[in-house]
Each structure stands twice: as C-alpha cells, then as structure tokens.
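coordinates for the following, if possible.
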Amino acid sequence: MPLQGLSAGVFASHLMARSGLSALLRRWRHGEACVLTFHGLREHESGAGLLDLACHSWAEHFRKLCLHLRKSYRVIAARELVDALQMGEEVPERAVVLTFDDGYASNYHLALQILHELDLPATIFVTTGYVDGAMLPWFVRLESALARSDKAELTLGREVLHLRNETERREAYGLLCAEWKRQPHEQAMAWLADLERSLAVATAKVAELPPHLQPMTWDMCREMKAGGLADFGGHTHTHPVLARMDEANQRTELQNCAARLKTELGAGGGLFAYPNGKQGDFGPGTLLELKAAGFTAAFTMNEGLVQRADELLQLPRYGSPEDVVMLEATASGGVAYLQRAKAMLKPLPRNSHVSCGERPE
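A predicted model of the protein is given here:
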C-alpha cells in the first residue's frame, strides 16, 4: 500500500511495520496485554446486504489476522489475563486477547472454525436477551428496518437522509446510530419505534432476520464452551448504553444478564464488556452494580494496553484492526506508545521546540 494520502496514525503504523520498529517494540513490551474487539463475521468480502460492514469483518480477513497473531504473539483467554491481574502475577509476554461482542451466530458458524484451525482461544460477551431470542438490540432493529423499508428517503429533523441504494442506506445507518446514542435510553427507544413507523416497517422478529444479524442460540454457546477454546461473559441483557439509564434499570440489566449466563452456561458472572464502552458510557454507579451482580472484571472500549495497575472493572480494549499492518502496530504496543507520546507533547506551547530525540505525533 502506498503511504501517500494516509492519515497520520495509519502512516505511522505502516512506517513502524515496514521499518521493523514494531518487531522491536513487540520484544520490549513487558507486563502488558493487547485486547482486540470483534463483533460478527461475514462470509463474503463484498458484504452485499450488510449496512454495518465494520461490525461484521470478512472471515478470511479475520483468519489472516489470527495467522499473524499465532506466529508473532501469545493469544490467551480473557479469563487467563484477568486471573493474572487478580493474583498480581506477570502478564504473559506478547499477550493478546481476542474478544467478540453481542453474540452473533457468525461467531459459531464462521469464527469457531478459524479458532479451532489455529488453536486460539476467544471470549464472547453476549447480550443475553438477544441470545434468548426474546428481543433485538437497538442497532439490529435499526439495520433491519433500514434494509427492509421501501422508502427512498427519511426526514430526520431538518435533514433528509436518502435511502435509494445500499451505499446511501449505510451512510444513513451511521448517522442514525450516532443520533440514538446521544439520547437517554427510554427516549432513544421511543425514537427508534417512531423511526420504524416512519420507515413503514414493523419491528422484526429474530426468525425473520438475515443470517448476518441472527444471534447464537444457547446450544451453540454450550457447544463452543465445551470445545475448550471459547469462554463467555456478559454484555447486558438488552444492550443499552448503561449511563443513559438510571441505576435501578442498570441493576436490572446487569442482574438479568448474570442470571441468564449462570442458568444457561453455569457461569457465575465474572467477565463483562460495556456496550459502546467509551468514557461516559458507564459511571461509578455502574461499577457498583456490576460488583453486586457478581462481575469481577469488565472491558471498556477505551484504547490502550492492559497493565497490572489497571482497575479491573475498567480494562481497555482496541477495536478490530483494518489489516495485518494495523494489527502489528496495535499488538506490538506501537499505537499505545504513539498515544502516550502525543499525551506528553500536548501540554507544550505551540512554539515549543521538540528535539530530535523525542517521538513526534
């Protein structure tokens, strides 16, 4: 890939990989783990029929990432990482953790085969109501509604969103997701129902969903767990952004999630991943409710390497890398080092001189 036209972060990642710096950083990384986040997988590269391509990585792309990890890193289970942190033990060298959020059936149909082929463990954080088949997470409802509607446009406030083809529907989906996340939970769910009415579609039933939006069943989860490579954790019961709810509703979400995991998988809580997971998507009250529900460790979507000093209920994770170069830059610690350098340089006055010995942004 030519380096011209790349963003500064992507350019730096390619430069680290091509220069061999990431390989050096990989060997220098001690006591830290890189946790990667995936959601669903898709069978075909084109992703035709999908509105959220980023959430459903191409299975062959995922396989290439896993091949690189098996060659250059030590892939461990999230529970092994958490156990080391709880015991105050050293994190294994070059540790990387694979996680999946939500509970898509493609974790069973596509990811499991790759994990078994390469003998790599992964942890799946399931939205228990979705796996129950009792409800659809808001983003599945949204994607399904946009995909099924015959409308050519949708009015959102003063803005008109065109829906004449798949490209326009993907753009509309991204804008509508951002709008949903800005609202308090009850208001956001009412807004989603109004949106379905505007699109002239009913809320889909689980059985009506296309394959890429289907959830796993509990039988699939049990089979994966019995195979020894897949572990499971909670991702709430209905996938709200927890901080958009009051603490009583957060308590219901987390306790229902923990109870369903225990009933179906024999797991007494333990591991958790926050929906959306950015700073502000959970608060001090959320942490208390997590503990009360029996969860002992939780993963955010705040980027960074996991370190021994990290709070167990606020462990960082990265998203899914776009290619092997970005994977290497992330897993080696290169991205984290660049972020730390940027944070160190940020307080400098505009005209401050940066010596040649300091890393630029």
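
and Trp191, how many neighbours?
Using other Cβ atoms under 10 Å, Trp191 has 16 other residues around it. In short, each C-beta sits where N, CA and C put it, glycine included.

correction: the previous question concerned Gly280.
9.

repeat for Arg244
Arg244 has 21 nearby residues by other Cβ under 10 Å.

for Val140, same thing?
For Val140, using other Cβ under 10 Å, the count is 22.

likewise Ala207?
7.

likewise for Leu118?
Neighbours around Leu118, by other Cβ under 10 Å: 15.

wouldn't it be in contact with Arg70 here?
Yes - contact status for Leu118 versus Arg70: in contact at 5.1 Å, counting by Cβ atoms under 8 Å.

alpha carbons of stretch 119-130, as CSV, please.
Taking C-alpha atoms only, stretch 119-130 is exported to CSV below (Å, rounded to 0.1, in the frame of the first residue of the first chain):
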residue,chain,number,x,y,z
ASP,A,119,-6.0,-23.4,18.2
LEU,A,120,-6.7,-19.9,19.5
PRO,A,121,-8.9,-19.0,22.5
ALA,A,122,-11.5,-16.3,22.4
THR,A,123,-14.1,-14.7,24.8
ILE,A,124,-17.6,-13.9,23.6
PHE,A,125,-19.5,-11.3,25.5
VAL,A,126,-23.2,-12.0,24.8
THR,A,127,-26.3,-9.8,25.1
THR,A,128,-28.3,-12.4,26.9
GLY,A,129,-31.8,-11.2,25.8
TYR,A,130,-30.6,-11.4,22.2
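
let the chain start at 14 from now.
Got it, first residue is 14 now, which makes that one stretch 132-143.

so for that stretch, mean pLDDT?
Mean per-residue pLDDT for stretch 132-143: 98.

gap between that stretch and the chain center?
Here stretch 132-143 is found 11 Å from its chain centre; the criterion is Cα atoms, centre = their mean, to the nearest Å.

all strands of the chain, in order?
Secondary structure of the chain (DSSP state E): strands at 45-51, 53-55, 69-71, 87-89, 108-115, 135-139, 166-169, 172-175, 243-247, 283-286, 308-312, 319-320.

on that earlier part again, got any residues that touch both of Leu131 and Arg83?
Both Leu131 and Arg83 lack any common contact, where contact means Cβ atoms under 8 Å, 6 or more residues apart in numbering.

for the chain, give me the ranges with low pLDDT.
Scanning the chain with the threshold set as pLDDT under 70 gives 14-42, 281-282, 353-374.

kindly report the domain assignment for it.
Using automatic domain parsing, the domain parsing of the chain gives 43-148+223-344, 151-216.

winner for burial among those domains?
domain 43-148+223-344 (a mean of 19; mean count of other Cβ atoms under 10 Å).

longest helix anywhere in this structure?
In the chain, taking DSSP state H as the definition, the longest helix is helix 260-278.

and the contacts of that one?
139-142, 144-145, 198, 231, 234-235, 238, 245-251, 253, 255, 258, 280-282, 285, 298-299, 302-303, 305-308.

ok, now stretch 161-168?
Outside stretch 161-168, the residues that reach it (Cβ under 8 Å, 6+ apart) are Val173, Leu174, His175, Leu176, Arg177, Ala185, Leu208, Ser211, Leu212, Ala213, Val214, Ala217.

okay, how far is it across it, tip to tip?
17 Å (Cα to Cα, to the nearest Å).

surely Ala342 is in contact with Gln352?
No - assessed by Cβ under 8 Å, Ala342 is found out of contact with Gln352, at 11.3 Å.

with adjacent residues omitted, what lies nearest to Gly53?
Tyr117 (3.6 Å; Cβ to Cβ, 6 or more residues apart in numbering).

residue contacts, that neighbour?
Residues counted as contacts of Tyr117 (Cβ under 8 Å, 6+ apart) are His52, Gly53, Leu54, His69, His225, Leu226, Gln227, Pro228, Met229.

hmm, try it at 10 Å
For Tyr117, the contact set (Cβ atoms under 10 Å, 6 or more residues apart in numbering) comprises 51-55, 68-69, 123-124, 137, 139-140, 143-144, 153, 224-229.

one more: Arg321?
Gly44, Glu45, Ala46, Ala97, Leu98, Gly101, Glu102, Glu103, Val104 are the contacts of Arg321 under Cβ under 10 Å, 6+ apart.

try it again with 7 Å
Gly44, Leu98, Val104 (Cβ atoms under 7 Å, 6 or more residues apart in numbering).

closest one of the contacts of stretch 161-168 to Leu111?
Closest approach to Leu111 among the contacts of stretch 161-168 (Cβ to Cβ): Ala217, at 29.4 Å.

isn't the closest one up against Ser157?
Yes - using Cβ atoms under 7 Å, Ala217 is in contact with Ser157, at 4.4 Å.

ok, Asn275 to Leu222 distance?
Small correction: residue 275 is Lys, not Asn. 27 Å (Cβ to Cβ, to the nearest Å).

spit out the contact partners of Ala349.
If you count contacts by Cβ under 7 Å, 6+ apart, Ala349 has them with Gly317, Leu318.
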